[in-house]
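Asker: Take a look and give me a structure for this.
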Amino acid sequence: MERHVTAPIDKETAKELRAGDYVYLTGTIYTARDAAHKRMYEALEKGDALPLEMKDNVIYYMGPSPAREGRPIGSAGPTTASRMDKYASALLDLGLTGMIGKGKRSEAVKEAIVRNGAVYFAAVGGAGALLAGSIKASEVIAYDDLGTEAVRRLEVENFPVIVVIDSVGQNLYETAIGEYCKL
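Answerer: Down below sits the predicted model:
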């Protein structure tokens with residue numbers, strides 16, 4: 001099913017999405033990769049505030065290339081999501097509703113997605129220049145010293161993603177294999 005969804009994404013909307021849905025996101029999402037996730041996790045351990053509110057927000061696992069003149073961002077393809085698995089459950093428990101990356105997630109992350117009524121989206125790897133066309137604005141909001149791994153607020157319009165793991169635990173990577181084997 002094709003869906004148009006506004007970000008931030010509330011839990012009710014996330015619970016309507018199903019593995020295999022094509023979703024076009026419009027609104028505000030955030031970027032964070034390995035180093036930023038590590039810093040946020042360390043901040044949580046110390047009881048410090050995070051640089052963004054997790055509730056209902058979406059984090060895109062991406063570090064862009066430099067922007068060309070007149071563009072808000074350079075190539076903006078997804079990075080491998082499993083590298084954030086050791087931090088994802090804690091952020092989901094704080095209300096994070098969506099994550100965008102590529103590749104499989106751990107069983108612990110899948111359980112946290114279900115427990116929190118969240119969703120994991122995949123963006124197409126290797127299509128960073130194309131995905132950048134859906135990003136209308138980009139602003140570093142935290143950890144500027146991390147360069148491309150800084151936390152950014154993005155304004156996106158019809159940003160294309162696919163639901164991989166939905167709020168009830170259906171996993172497109174698993175069901176797609178089953179469908180393929182039937183052929």
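
Asker: which other helices and strands contact the longest strand seen in the chain?
Answerer: Longest strand in the chain, counting residues (DSSP state E): strand 151-165. Using 3 or more Cβ pairs under 8 Å, 6 or more residues apart in numbering; DSSP states H and E, the elements in contact with strand 151-165 are strand 22-31, helix 107-116, strand 119-122, strand 135-142, helix 172-182. The way it works is simple: take the backbone N, C-alpha and C, and place the C-beta from them, glycine included.

Asker: So for the following helix or strand past the third one, what gets flagged as buried?
Answerer: Stepping forward along the backbone from strand 119-122, the first helix or strand reached (DSSP states H and E) is helix 128-132. The neighbour-count check on helix 128-132 (16 or more other Cβ atoms under 10 Å) flags 128, 131-132 as buried.

Asker: Kindly report the same for stretch 66-82.
Answerer: 72-79, 81-82.

Asker: Ignoring the adjacent residues along the chain, who's closest to residue 88?
Answerer: residue 109 (4.8 Å; Cβ to Cβ, 6 or more residues apart in numbering).

Asker: Confirm for me that that neighbour is in contact with residue 89.
Answerer: Yes: using Cβ atoms under 8 Å, residue 109 makes contact with residue 89 at a distance of 6.2 Å.

Asker: rewinding a little: just give me the lowest mean pLDDT stretch among the helices and strands packed on strand 151-165.
Answerer: Lowest mean pLDDT of the helices and strands packed on strand 151-165: helix 172-182, a mean of 74.

Asker: The longest helix anywhere in the chain - what's its average pLDDT?
Answerer: With DSSP state H applied, the helix covering the greatest number of residues in the chain is identified as helix 34-46. Throughout helix 34-46, pLDDT has a mean value of 95.

Asker: before we move on, the earlier item: make CSV out of the buried residues of stretch 66-82 and add secondary structure.
Answerer: Output for the buried residues of stretch 66-82, formatted as CSV (DSSP: H, G, I helix; E, B strand; the rest coil):
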residue, secondary structure
72, coil
73, coil
74, coil
75, coil
76, coil
77, coil
78, coil
79, coil
81, helix
82, helix
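
Asker: Just the closest of the residues you listed to residue 149, please.
Answerer: residue 79 (9.6 Å; Cβ to Cβ).

Asker: Which phi and psi values does the closest one adopt?
Answerer: phi -110, psi 170 (degrees, to the nearest 10).
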